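Peer 1: Just need the structure, nothing else, for what follows:
(4 chains)
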Number of protein chains: 4
Amino acid sequence: MQPVGIVGYRGYSGAELVKILEHHSGVDPILLDHREDGGGASPIRNHRPLRHLPCTAEAVRDGGLNLVFLATPPEVSMELAPAMLDAGARVVDLSGAFRLRTPQNYQAWYKEPHTQPALLAEAAYGLPEFCRERIPSARLVANPGCYPTAANLAIRPLLEAGVMDRAAGIVCDAKSGVSGAGRKPSLKTSFCEVTENFSAYSILTHRHVPEVLQISGLEEGEFSFTAQLLPLDRGILETIYFRATGVTETEDLIHIYEKRYANEPFIRIFNPGHMPDLRGVARTNFCDLGVVFDARTRRAVVISAIDNLVKGAAGQAVQNMNLMLGYPETEGLL
Amino acid sequence: MQPVGIVGYRGYSGAELVKILEHHSGVDPILLDHREDGGGASPIRNHRPLRHLPCTAEAVRDGGLNLVFLATPPEVSMELAPAMLDAGARVVDLSGAFRLRTPQNYQAWYKEPHTQPALLAEAAYGLPEFCRERIPSARLVANPGCYPTAANLAIRPLLEAGVMDRAAGIVCDAKSGVSGAGRKPSLKTSFCEVTENFSAYSILTHRHVPEVLQISGLEEGEFSFTAQLLPLDRGILETIYFRATGVTETEDLIHIYEKRYANEPFIRIFNPGHMPDLRGVARTNFCDLGVVFDARTRRAVVISAIDNLVKGAAGQAVQNMNLMLGYPETEGLL
Amino acid sequence: MQPVGIVGYRGYSGAELVKILEHHSGVDPILLDHREDGGGASPIRNHRPLRHLPCTAEAVRDGGLNLVFLATPPEVSMELAPAMLDAGARVVDLSGAFRLRTPQNYQAWYKEPHTQPALLAEAAYGLPEFCRERIPSARLVANPGCYPTAANLAIRPLLEAGVMDRAAGIVCDAKSGVSGAGRKPSLKTSFCEVTENFSAYSILTHRHVPEVLQISGLEEGEFSFTAQLLPLDRGILETIYFRATGVTETEDLIHIYEKRYANEPFIRIFNPGHMPDLRGVARTNFCDLGVVFDARTRRAVVISAIDNLVKGAAGQAVQNMNLMLGYPETEGLL
Amino acid sequence: MQPVGIVGYRGYSGAELVKILEHHSGVDPILLDHREDGGGASPIRNHRPLRHLPCTAEAVRDGGLNLVFLATPPEVSMELAPAMLDAGARVVDLSGAFRLRTPQNYQAWYKEPHTQPALLAEAAYGLPEFCRERIPSARLVANPGCYPTAANLAIRPLLEAGVMDRAAGIVCDAKSGVSGAGRKPSLKTSFCEVTENFSAYSILTHRHVPEVLQISGLEEGEFSFTAQLLPLDRGILETIYFRATGVTETEDLIHIYEKRYANEPFIRIFNPGHMPDLRGVARTNFCDLGVVFDARTRRAVVISAIDNLVKGAAGQAVQNMNLMLGYPETEGLL
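Peer 2: Numbering: from 1, shown residues only, chains lettered A, B, ... in the order given. From the prediction side, this is the model:
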């Protein structure tokens, strides 16, 4: 069993990562205590706890960890990634720190300067379905954002096939469960504010937008994106609207997905008349895709659903780890 | 106190109607028992119950009811409306039976022939903000659908002002609470199927679409609409996307709403940087509107929120009744 | 319109108080800004805001406020109550600061010394159904806790009637919505921790226990109480178990309640075979009571349901204000 | 891989059973179509479906099924169990049909005569922690009810240890998620009736009571039980109150559980100061137990939590199957 480290294991993504790795046949998860982490004996008697190590270069080197997950905010990831790499560990970073291609773009969307431009240039973007080549040998993998994962898996095959009228604009109306906002308490994620409520945020300006543009190839003026908060724990569903060209029925769009994803274990395509929902993807690493095309108006809708903590975070991170460490891509994920 | 009747008082819209009318200063709500209605003593001791009458022309005439609400399915409304009118009562119908302008259009969307074409031609559409003239003298008012109420109040002022690029298409992504599906038990509205879930239905083909086209003036090819089910009880939030022309900032769009709705008591416009949510409209007759315009891409988003059982059904029905019977439009609704 | 002040108007109880008072025919609510309160322009354009005043003795005196509600934590109430009284305002305090009879008892349960023992001795306990005499002339009313309100209204009539076997012990299993924990963000009240969850807290040691003992007359060893957190916004339901003596059927217990509460406008008694639930009391000032007695085992269950923010806090506070200022007790509350 | 059959695979318990068995290393789940079952192609393209067989003695014999799960109502189980046994399959029945010891007791609680008294006499009660001896060789195992599973695992060790004052009475206040009511649509389990609500049912008279008496050894007059509906999908939490004798601190009660359950893989005991909640057991076969003892009043509370669909139904059924077919008891369940 190879030891791998997790920083930020108390957050929702980090905790999900630990849960997945506990059932992985090849690795042994080790909790790396960073700042106020650590402590907290299990409430359950006779419960065998996981191993802890301090989150230091020394501990990582001595512990023989050759891979570390950073489930931390971008500013912490920028600080820890170089240290972990220096200690000989490869890194899968779940934050937005290393996803965009230039420090300028990072600063434009994250409102902070990027402190590790060389690593930003080196990082591989970890969306296996479209960027699988670079991941196995990468030292640093930037695990994609949850919204861009669902959006790019839905949009890029259709753009590649040339069936989206880009000039008319593509609309992506995204809805996320509350765990996407992280575990830190805030009024916005308090139960009484969320239950029996629904609200939009970061309308047209969400920092996940540039990831969609970067991978899909859309221009900013061609793409409208709104994020919204669902009164539920986990799941992202995106409703994507566009004008279709060169197709005559719903099946035509389904075939494009089928062909593109024929060998992808984590993409499921829905038959005409059926559409994905959040229950179907909860606690799985699947991305479910369904399509409706209205021939009279040439308008089409794609629905893309994932679990934001799995395919949108921890599951995809393990998928990347599997590629990096030479395990079957689905190990621990089915 | 004028007696007014309610048919379908056990359904969610009908029950909401009863609750509103109990606090109205001018009318006395009477429950009209239709088919399996009636019976059901209150579980609460010493609770003073409302009056019941059979739902017959005779009872309505003898009871001196000069207005009856039909909170019934379209096929029942088509059967009851002529009987109530013959009995001397004016009618506010909450179903889709009398909303569209032609029997052909009705049949196209409701998949059944219309059995009362003369009444269909006579009915006034009860969206006071845009159709207030005909309501006071109408014998039969068709209370608007919940989705079209939120959509038309958001879209029509912008179309009138000429700031929507119709050729690029307008997208309306609509989300509704479960009470919109009515009280009849079904697997789709069972708790375990809805909680922690989110799903779309009637994608691009919802029968409320023609009401939007009819009132807004949009062509079918210019408008994409998807309805979705939120895991909450009540509320509709619509996220409306379009390309704006002839405006330079968010304030320009807000001014259009402010001017158009200056004298409307039930429309609230949000300041830039603030957006409506469902909590804000729950149990009120308000429609809340907020706008974001992104000058770089010329893309805009409007959010329109109502309570589907109030402004989307019973509240608007009382608003129509107030106009018909000469009460202040807001009586019982603030 | 008499001006009355509200301190803590941003909290859930305070906000509920403002909402009730806005519809009261005799008083004009004024927001008293304490510490970080104030500011925060309405997101809604052209919305007429309520008046604000600083929360100082001077402002209260100059503003002619003759009653102030304190919807603040106990330590803040202990600080503000004397200042408001000195400024000539009577006080309804919604915290636990003035509910217990002795400073010793306060310190035992609240783990802090009481800083205003004279006021503690003076305060009237504001449960009108049992303590109505002292409230009209009181300078300071201690509004009861939410759990004790539901418990005492259920238990005391049965103890007075002598039908509870005290020696066998009375069990009160209480469940509350999340708004009972207040508006301050914490992990315990975060959406993702509460949804699809249910948990107990303060088992056998909740600080509301002494209020139940004080009003009901039970001894500590006769009473077991557990508080539990429901995944919903508002409402308290208590399931109370005891062995009944001197009764032969459910109706006997119902008659005791009926007789005791014959003139109480806010107590509703359920017929045999029916039991209260939380929907029935949501957003009302009612306490609903239902009973089951099993003659074979002599075991009985009473269910008591209130809205924790209304009869359990703001509604009861207005009920007390009505008694203090000479309005009908139900004004603003039906 | 041994083929095993599931009848009632569309219900919540049946579907959970299928999900568990798909990950079991030794058996191959086969869907047995009974009445309106069957049909229903997967909405997902290229999804490999499970095998179906008709639910007939012939198909079961020809298919070589040597075990069949009945996730059906009691009256269907009474009809199918003899047929399946005759066809050579052993049976695990998830209904209440074979749990009580006499036809008289069955009729008293289920209000229907028992049609298979010989099988009732033969059936082994499938609570492994207390009835493990008879299960491996049983032809027919009656899988316990969800409420009695949580109750008996909490109560029986304390009764065996003699620390419960039976004369004072034991109270079990039980709360269940909605999936416990099954998948058949009804108004009581409709989303809008359940969300933001909480209610009690079958107060003191639930048909699960005799299962608790039978296994724990309590007399009816010593035990009060109320079932309540939580606004969540899955989970049962029971709060159990009693007067403790012969113990001096919380640890004493914990030690009783520890000793009794030392070798039980599915019972987890909580340390003092910690208590189980529903999140902790969701989607697991664990029963979590926590205790509080108040030395001053000698009152104690035990909290017992399970997932009603796993340890309360499908998981325990697989645990029984493992014992019957000779697999490790935890196979497929960790």
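Peer 1: CA atoms for contacts and neighbours, from now on please.
Peer 2: Noted.
Peer 1: Show the contacting residues for the residue of the stretch 51-200 of chain A found nearest chain C.
Peer 2: Per C-alpha to the nearest C-alpha, the residue of the stretch 51-200 of chain A with the smallest distance to chain C is residue A:191, at 3.9 Å. Contact analysis of residue A:191 by C-alpha atoms under 8 Å, 6 or more residues apart in numbering or on different chains lists C:178, C:189, C:190, C:191, C:192, C:194, C:195, C:233.
Peer 1: Pretty sure the second one sits against residue C:195.
Peer 2: No - between residue C:189 and residue C:195 no contact is recorded; they are 9.5 Å apart, counting by C-alpha atoms under 8 Å.
Peer 1: Give the buried residues for stretch A:11-26.
Peer 2: Along stretch A:11-26, these residues count as buried under the neighbour rule (16 or more other C-alpha atoms under 10 Å in any protein chain shown): A:11-18, A:20-22, A:24, A:26.
Peer 1: Compute the number of surrounding residues for residue A:220.
Peer 2: One way to gauge burial is a neighbour count; for residue A:220, by other C-alpha atoms under 10 Å in any protein chain shown, it gives 15.
Peer 1: quick one, what contacts it?
Peer 2: Contacts of residue A:220 (C-alpha under 8 Å, 6+ apart): A:213, B:297.
Peer 1: Also residue A:178?
Peer 2: Applying C-alpha under 8 Å, 6+ apart to residue A:178 gives the contacts A:189, A:229, A:230, A:231, A:232, A:233, A:234, C:191, C:192.
Peer 1: again with residue A:290
Peer 2: By C-alpha under 8 Å, 6+ apart, residue A:290 lies in contact with A:254, A:269, A:270, A:271, A:272, A:274, A:275, A:276, A:302, A:303, A:304.
Peer 1: So which of the buried residues of stretch A:11-26 is the closest to residue B:88?
Peer 2: Distance from residue B:88 was checked for each of the buried residues of stretch A:11-26 by C-alpha to C-alpha. The minimum falls on residue A:12, at 63.1 Å.
Peer 1: Determine the three-state secondary structure at residue A:84.
Peer 2: Under DSSP: H, G, I helix; E, B strand; the rest coil, the three-state class of residue A:84 is helix.
Peer 1: Then the one 4 residues further on?
Peer 2: Judged by three-state DSSP, the three-state class of residue A:88 is coil.
Peer 1: Make sure residue A:198 is actually in contact with residue A:230.
Peer 2: Yes - in this structure, residue A:198 sits in contact with residue A:230. The criterion is C-alpha under 8 Å, and the distance is 5.7 Å.
Peer 1: list the residues that contact both of those two?
Peer 2: Taking C-alpha under 8 Å, 6+ apart as the contact rule, residue A:198 and residue A:230 touch no residue in common.
Peer 1: can you pull out the helices in the stretch 151-300 of chain A?
Peer 2: Assigned by DSSP state H, counting those that start in this stretch, the helices in the stretch 151-300 of chain A fall at A:191-194, A:209-216, A:250-260, A:278-281.
Peer 1: Help me confirm that residue A:247 comes into contact with residue A:163.
Peer 2: Yes - with contact defined as C-alpha under 8 Å, residue A:247 counts as touching residue A:163 (7.0 Å).
Peer 1: circling back to that earlier point, need the buried residues of stretch A:11-26 in CSV with secondary structure, pLDDT and distance to chain C, can you?
Peer 2: Output for the buried residues of stretch A:11-26, formatted as CSV (DSSP: H, G, I helix; E, B strand; the rest coil; pLDDT from 0 to 100; distance: C-alpha to the nearest C-alpha, whole Å):
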residue, secondary structure, pLDDT, distance to chain C
A:11, coil, 96, 12
A:12, helix, 97, 9
A:13, helix, 98, 13
A:14, helix, 97, 15
A:15, helix, 96, 13
A:16, helix, 98, 13
A:17, helix, 98, 17
A:18, helix, 97, 18
A:20, helix, 98, 19
A:21, helix, 98, 22
A:22, helix, 95, 22
A:24, coil, 97, 26
A:26, coil, 97, 31
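Peer 1: any chance of the residues you listed in a markdown table, with distance to chain B too?
Peer 2: As requested, the buried residues of stretch A:11-26 are exported to a markdown table (distance: C-alpha to the nearest C-alpha, whole Å):
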| residue | distance to chain B |
| --- | --- |
| A:11 | 20 |
| A:12 | 17 |
| A:13 | 18 |
| A:14 | 21 |
| A:15 | 20 |
| A:16 | 18 |
| A:17 | 21 |
| A:18 | 23 |
| A:20 | 21 |
| A:21 | 25 |
| A:22 | 25 |
| A:24 | 27 |
| A:26 | 32 |
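Peer 1: residues from chain A in reach of chain C?
Peer 2: Residues of chain A found near chain C, taking C-alpha under 8 Å from any C-alpha of the partner chain as the criterion, are A:178-179, A:183-187, A:189-192, A:194-195, A:232-233.
Peer 1: which element is residue A:3 on?
Peer 2: Residue A:3 belongs to strand A:2-7 when assigned by DSSP states H and E.
Peer 1: near chain D, which residues of chain A show up?
Peer 2: Applying the criterion C-alpha under 8 Å from any C-alpha, the portion of chain A that neighbours chain D consists of A:43, A:44, A:45, A:268, A:269, A:270, A:271, A:274, A:275.
Peer 1: Determine which two of those are furthest apart.
Peer 2: Greatest spacing in the residues of chain A next to chain D, by C-alpha to C-alpha: A:45 and A:271 (48.3 Å).
Peer 1: List buried members of the residues of chain A next to chain D by neighbour count.
Peer 2: Using 16+ other C-alpha under 10 Å as the burial test, these include A:43, A:44, A:268, A:269, A:270, A:271, A:274, A:275 as buried.
Peer 1: Show me which of those residues is closest to residue D:77.
Peer 2: When those are compared for distance to residue D:77 (C-alpha to C-alpha), residue A:274 comes out closest, at 33.5 Å.
Peer 1: nearest spatial neighbour of the closest one, skipping sequence neighbours?
Peer 2: Distances taken as C-alpha to C-alpha, 6 or more residues apart in numbering or on different chains put residue D:43 closest to residue A:274, at 5.7 Å, once the chain neighbours are dropped.
Peer 1: from memory the one you found sits against residue A:277, does it?
Peer 2: No - with contact defined as C-alpha under 8 Å, residue D:43 and residue A:277 do not form a contacting pair (11.4 Å).
Peer 1: who touches the closest residue to residue A:312 other than its chain neighbours in this structure?
Peer 2: Among residues not flanking residue A:312 along the chain, residue A:146 sits closest, at 3.9 Å (C-alpha to C-alpha, 6+ apart). Under the criterion of C-alpha under 8 Å, 6+ apart, the neighbours of residue A:146 are A:236, A:308, A:309, A:311, A:312, A:313.
Peer 1: Format these as CSV; extra columns: pLDDT.
Peer 2: Listed next are the contacts of residue A:146 as CSV, based on pLDDT from 0 to 100:
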residue, pLDDT
A:236, 98
A:308, 98
A:309, 98
A:311, 98
A:312, 98
A:313, 98
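Peer 1: ok, residue A:86 - contacts?
Peer 2: The neighbours of residue A:86, taking C-alpha under 8 Å, 6+ apart as the test, are residue A:57.
Peer 1: and residue A:34, how many neighbours?
Peer 2: Taking other C-alpha under 10 Å as the neighbour definition, residue A:34 ends up with a count of 18.
Peer 1: How about residues contacting the helix or strand where residue A:92 lies?
Peer 2: Secondary structure assignment for residue A:92, by DSSP H and E: strand A:90-93. Outside strand A:90-93, the residues that touch it by C-alpha under 8 Å, 6+ apart are A:66-72, A:77, A:81, A:84-85, A:138-143, A:317, A:320-321.
Peer 1: Give me the residues contacting stretch A:252-265.
Peer 2: Contacts made with stretch A:252-265 from outside it, assessed by C-alpha under 8 Å, 6+ apart, are listed as A:129, A:157, A:158, A:161, A:247, A:267, A:269, A:270, A:271, A:290, A:291, A:330.
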